[in-house]
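Visitor: structure for this input, please:
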Amino acid sequence: MNKLIKNNIENALEEIRPFLKNDGGDISLVAIEDETVKIKFEGACSTCTVNQMTLKSGVEMIIKKHVPHIKSVISVDDI
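Guide: You can find the predicted model right below:
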């Protein structure tokens with residue numbers, strides 16, 4: 001895993017983390033595979049009914065802003 005890419009993704013997650021923690025949740029980076037980032041929602045976010053909306057309109061958008069070559073972000077709960 002490229003260290004610069006990983007750091008940029010971690011920075012992106014830090015940007016959204018305060019919003020998730022506000023609702024009793026969190027997020028962690030699981031893996032980076034080619035152009036896909038795998039994350040895991042934690043706490044209240046793991047059972048939230050709108051976590052897929054948060055994933056696509058929040059997390060994925062911010063990660064792509066920090067690392068433009070990333071094509072998709074998926075939750076390991078989806079697998």
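Visitor: ok, what's across the strand from the nearest residue to Lys56 once chain neighbours are set aside?
Guide: The shortest distance from Lys56 to any non-neighbouring residue, by CB to CB, 6 or more residues apart in numbering, is to Val73 (7.9 Å). Glycine gets a C-beta too; all of them are placed from N, C-alpha and C. Per DSSP bridges, the residues bridged to Val73 are Val37.
Visitor: measure Val73 to Leu29 for me?
Guide: Using CB to CB, to the nearest Å, we find Val73 at a distance of 10 Å from Leu29.
Visitor: between those two, which one's more packed in?
Guide: Val73 (20 against 16; other CB atoms under 10 Å).
Visitor: what's the overlap in contacts for Val73 and Leu29?
Guide: Listed as contacting both Val73 and Leu29 by CB atoms under 8 Å, 6 or more residues apart in numbering are Val37, Lys38, Ile39.
Visitor: thought Val73 was touching the last one, still the case?
Guide: Yes - in this structure, Ile39 sits in contact with Val73. The criterion is CB atoms under 8 Å, and the distance is 6.2 Å.
Visitor: where do the contact lists of those two overlap?
Guide: With CB under 8 Å, 6+ apart as the test, Ile39 and Val73 both reach Leu55, Val59.
Visitor: so what's Lys38 up against?
Guide: Leu29, Val30, Ala31, Ile32, Val73, Ile74, Ser75, Val76, Ile79 are the contacts of Lys38 under CB under 8 Å, 6+ apart.
Visitor: let me know the closest of the shared contacts of Val73 and Leu29 to Asn2.
Guide: Taking CB to CB as the measure, Asn2 lies nearest Val37 of these, at 12.2 Å.
Visitor: no further queries at this time; thank you.
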